[in-house]
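K.L.:
model the structure of this input:
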Amino acid sequence: MKRNVDVLKLIQLGLTLSSSDGTSHYSWEFNFRDFDSDRDLQNPESVSFLKRQGIDFLKNKQQGIESWVFALLFRRYIAWQGKELKWATFHGPYDLGFLIKILTGMELPESLDGFMMLVRGFLGDEVYDLKNVVRVFGLGGGLEGRHKAGSDSLMIMRVFFELKGKCSKEELNRILQSFKYRLYGLS
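P.N.:
As a prediction, the model looks like this:
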């Protein structure tokens with residue numbers, strides 16, 4: 001994961017913020033201008049897949065946000081919100097890897113411990129990879145549908161609240177605590 005994230009550029013990032021009960025939420029899809037599909041290192045199959053999903057690489061290059069601007073605004077937001085936020089991802093090592101890369105402006109650390117220290121430092125005490133958690137509930141598989149960052153992040157939020165409805169608050173907290181910082185495929 002480190003080698004890929006270090007040499008590739010982030011194309012798109014989705015974020016969904018939600019109230020604690022999930023009744024109100026806001027989703028964003030950020031398209032980054034840093035990636036140049038004509039010049040940058042890429043997996044042709046992945047680029048082709050993203051084009052089929054509706055990503056317009058030329059439009060991103062012309063109108064997308066620069067990753068350093070996003071990083072500046074994102075760092076301000078998380079500093080303002082403090083450590084109250086819960087972060088959920090689904091099969092998230094690459095998502096978090098690219099996020100940490102743009103927040104630091106550097107390659108990822110050599111060690112998993114160094115990477116996880118940065119994740120904790122930026123995102124706080126509650127980071128969960130729901131790909132691990134859903135198995136406790138007898139669920140599995142992946143996210144179905146169009147794979148665009150904004151809609152995927154909204155779907156992840158919905159999965160999180162669906163899991164909340166399957167057990168008591170205390171039981172869910174116990175389950176989540178056992179999966180804190182356990183990223184699918186890395187731990």
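
K.L.:
nearest residue to Lys59 in space, please, no chain neighbours.
P.N.:
Asn31 (7.6 Å; Cβ to Cβ, 6 or more residues apart in numbering). Every residue, glycine included, has its C-beta placed from N, CA and C.

K.L.:
let me see the mean pLDDT of the helix or strand where the one you found lies.
P.N.:
In this structure, Asn31 sits in strand 25-31 according to DSSP states H and E. The average pLDDT within strand 25-31 is 93.

K.L.:
quick one: contacts of the helix or strand hosting Ser48?
P.N.:
Element membership for Ser48, per DSSP H and E: helix 44-52. Outside of helix 44-52, the residues within contact range by Cβ atoms under 8 Å, 6 or more residues apart in numbering are Ile11, Gln12, Ser37, Phe57, His147.

K.L.:
which elements pack onto the helix or strand just after it?
P.N.:
Next in sequence after helix 44-52, counting helices and strands by DSSP H and E, comes helix 57-63. Helix 57-63 sits against strand 25-31, helix 44-52, with contacts defined as 3 or more Cβ pairs under 8 Å, 6 or more residues apart in numbering; DSSP states H and E.

K.L.:
could you work out which of these reaches nearest to Leu99?
P.N.:
Set against Leu99 and scored by Cβ to Cβ, those come closest in strand 25-31, at 10.8 Å.

K.L.:
buried residues in that closest one, which are they?
P.N.:
For strand 25-31, the neighbour count (16 or more other Cβ atoms under 10 Å) marks Ser27, Glu29, Phe30, Asn31 as buried.

K.L.:
which strands border that strand, and is each parallel or antiparallel?
P.N.:
Its sheet considered, strand 25-31 pairs with strand 12-18 (antiparallel) by DSSP bridges.

K.L.:
what sits up against the partner strand?
P.N.:
For strand 12-18, the external contacting residues (Cβ under 8 Å, 6+ apart) are 24-32, 50, 55, 60, 70, 95, 98-99, 148-154, 156-157, 161.
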